[in-house]
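*Asks:* sequence-free structure coming up:
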Ligand SMILES: [Zn+2]
């Protein structure tokens, strides 16, 4: 729900198998120079030092892919990588080659930047991924905060899940049979189970101490908070 949109997956850079995809855009008559330039950008990205000292050879740990397939159109490639959720796309055509530039497109918000200086981009690519990571996290956190509704009875859980997207927070005894009762009726299940203070998402769980109160389903003593969400 949170890691996708109508165009497919949206992966945070930290978990994305490919973080940057470079797509060359060429015609027959400029294929070679565009491809060479694109390869150079990829190489420089791979060699950009991570420690920041500027002269070490540890190399970058960026996960980059050059899509050099010649039997696919750029448009086809864009769609395919969007679907797969690659966080950052770099487009390189004759224009970019001429101006020693690149065009970047963020997967998280679709933001496109044309004419980014080549060197500048290579030096700041990691920072750009970091900022994508941070903004996706913020977005998710905001989404969670806005989409958690509390329920304190079985009917309440069922009707809340039926009406809204997002999560229903409820007191839970910890028994699977109680989860099962909800699951059977609305195909929802417990998706987030914060046991400890530092478990994610931390912001929606105050602590792991006994919460008191009664399980919303069976009425026995509640052990912890549970978050139900509908399966799609
Ligand atoms: Zn129960």
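*Replies:* Thanks, I have it. Keep in mind it's a predicted model, so treat the numbers as computed, not measured.

*Asks:* pLDDT weak spots in this structure?
*Replies:* 1-2, 49-60, 192-210, 232 (pLDDT under 70).

*Asks:* tell me which stretches of it form strands.
*Replies:* 4-5, 8-9, 20-24, 64-66, 88-92, 101-106, 112-117, 148-150, 167-172, 188-192, 224-230 (DSSP state E).

*Asks:* tell me the gap between the fourth one and the middle of its chain.
*Replies:* Spelled out, that is strand 64-66. Computed by C-alpha atoms, centre = their mean, to the nearest Å, the chain-centroid distance of strand 64-66 equals 18 Å.

*Asks:* name the strands paired with that strand and say parallel or antiparallel.
*Replies:* Paired with strand 64-66 in the same sheet, following DSSP bridges, are strand 20-24 (parallel).

*Asks:* who's in contact with the strand it pairs with?
*Replies:* 34-35, 37-38, 41-42, 45, 62-68, 74, 77-78, 81, 86-93, 125, 129 (C-beta atoms under 8 Å, 6 or more residues apart in numbering). All C-beta atoms are positioned from the backbone trio N, CA, C, and that covers glycine.

*Asks:* from the ion, how far off is residue 138?
*Replies:* According to C-beta to the ion, to the nearest Å, residue 138 stands 34 Å off from the ion.

*Asks:* can you count the residues close to that residue?
*Replies:* Applying other C-beta atoms under 10 Å, we find 10 residues neighbouring residue 138.
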